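Colleague: The following comprises the amino acid sequence and a computationally predicted model.
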Amino acid sequence: MPVQSSLTLADTGPVPSWDTPSGPSLARPIHFSGYERKSRDFYATPAPVTQALLRHIRFRCPVWEPCCGDGAMSSVLAGNGYDVVSTDLVDRGFGTSGVDFLACQSVPDGCRSIVTNPPYGDTGSQAGQSRSSLAMIGFLRHALALTESVQGQLALLVRLQWIAGKRVADVMSAAPFSAVVVLTNRIRWFDKGEHTNGAQHHHAWVVFDHAHPPGQPPALLYG
Ligand SMILES: C[S@@+](CC[C@H](N)C(=O)[O-])C[C@H]1O[C@@H](n2cnc3c(N)ncnc32)[C@H](O)[C@@H]1O
């Protein structure tokens, strides 16, 4: 039986949510800590999440999806007319596998933007969350360095709460932070029958643009 973590569930009433398309196989533990983490943090992103980003932001092409998983995000990008380069560390039957994003020293030839839902996003325990937050900062720093070299853009899907961390704030404030797209629908990552995740957390897209005028604050947008 899964063990409930010490996180408190707010009584939010019925909350609109976006369901993950593939059901239980995409289980993402959030407030039940007894579930095993998916291998290398694989959780496919429901299409409306990417569509919400693309309604607001136009990316310079080609776009690199460096943690493409089964192509959930890449497919939406391609469907919106983007030329997409898709890679992942693990072979999930989509794109080019065996590419460790954190070891990459440059973007693939010609790419001008990075768009992804990185690993480390959610965990089932408090301790795991703090490790996740630091790992995500490392991921952000690396992605900023890679996109800077091509004066490019970067969009990462993160928990809204993550933005409020002190270390994160320091990194984001020093970066060309151009927009945040707050998702008003919560993402429902998995279906576990009676233990179905009630879509507890809000997520947001944080968007960076190395062509963003220095000193101009980021736009607050809702998706
Ligand atoms: C949360 S899933 C997101 C999948 C896809 N971006 C989506 O939104 O549907 C994260 C993905 O990152 C991949 N991954 C983990 N570590 C990686 C690394 N160091 N380099 C590249 N991909 C990595 C995992 O294999 C997994 O497919």
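Modeller: Nice, thanks for sending it over. Remember, predicted model here, so these are calculated numbers, not experimental data.
Colleague: Quick check: buried residues in the one helix or strand Met172 maps to?
Modeller: Counting by DSSP states H and E, the element that carries Met172 is helix 166-174. Neighbour counts over helix 166-174 (16 or more other CB atoms under 10 Å) mark 168, 171-172 as buried. From N, CA and C alone the C-beta is placed, and that goes for glycine too.
Colleague: Need those residues in TSV (columns: distance to the ligand).
Modeller: As requested, those are exported to TSV (distance: CB to the nearest ligand atom, whole Å):
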residue	distance to the ligand
Val168	18
Val171	19
Met172	20
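Colleague: Around the ligand, which positions in the chain sit nearby?
Modeller: 40-45, 66-69, 72-73, 88-90, 92, 100-102, 116-117, 119, 121 (CB under 6 Å from any ligand atom).
Colleague: Strands - which of those land there?
Modeller: Thr116 (DSSP state E).
Colleague: Buried only: go through the residues of the chain next to the ligand for me.
Modeller: Here, 16+ other CB under 10 Å leaves 41-45, 66-69, 72-73, 88-89, 92, 101, 116-117, 119, 121 buried among those.
Colleague: Do me a favour and average the pLDDT over the helix holding Met172.
Modeller: Helix 166-174 comes out with an average pLDDT of 96.
Colleague: Can you tell me what sits against it?
Modeller: Helix 166-174 is contacted by residues 133-134, 136-137, 140-141, 144, 162-163, 206 when judged by CB atoms under 8 Å, 6 or more residues apart in numbering.
Colleague: Could you say which helix or strand holds the closest residue to Asn117 other than its chain neighbours?
Modeller: Distances taken as CB to CB, 6 or more residues apart in numbering place Leu157 nearest to Asn117, at 4.1 Å, with adjacent residues excluded. Leu157 is part of strand 153-159 when elements are defined by DSSP H and E.
Colleague: ranges for the strands of the chain?
Modeller: With DSSP E as the criterion, the chain has strands spanning 17-19, 63-65, 84-86, 113-116, 153-159, 177-182, 186-188, 203-209, 219-222.
Colleague: Can you name the residues in contact with the fourth one?
Modeller: Right, strand 113-116. 50, 53, 59-68, 73, 77, 107, 143, 146-147, 152-157.
Colleague: so who does Gln153 touch?
Modeller: 57, 59-60, 112-114, 147, 178, 207-211.
Colleague: Try it again at 10 Å.
Modeller: 57-60, 63, 112-115, 147, 176, 178-179, 207-212 (CB atoms under 10 Å, 6 or more residues apart in numbering).
Colleague: which residue sits closest to it in space, ignoring its chain neighbours?
Modeller: Using CB to CB, 6+ apart, the closest residue to Gln153 is Ser113 (4.2 Å).
Colleague: before we move on, what about Gly152?
Modeller: Using CB to CB, 6+ apart, the nearest residue to Gly152 is Arg112, at 4.5 Å.
Colleague: Buried members of the contacts of Gln153 into ChimeraX, please.
Modeller: The buried subset of the contacts of Gln153, as determined by 16+ other CB under 10 Å, is captured in ChimeraX by this line:
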select :57,59,63,112,113,114,115,147,176,178,179,207,208,209,210,212
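Colleague: Would you confirm that Gly165 contacts Met136?
Modeller: Yes. Contact criterion CB atoms under 10 Å: Gly165 and Met136 qualify, at 9.3 Å.
Colleague: pretty sure Thr50 is touching Ser75, no?
Modeller: Yes. The criterion here is CB under 10 Å, and Thr50 meets it with Ser75 at 8.7 Å.
Colleague: These two: who's more crowded?
Modeller: Legend: neighbour count by other CB atoms under 10 Å for Thr50 and Ser75, higher for Thr50 (25 against 17).
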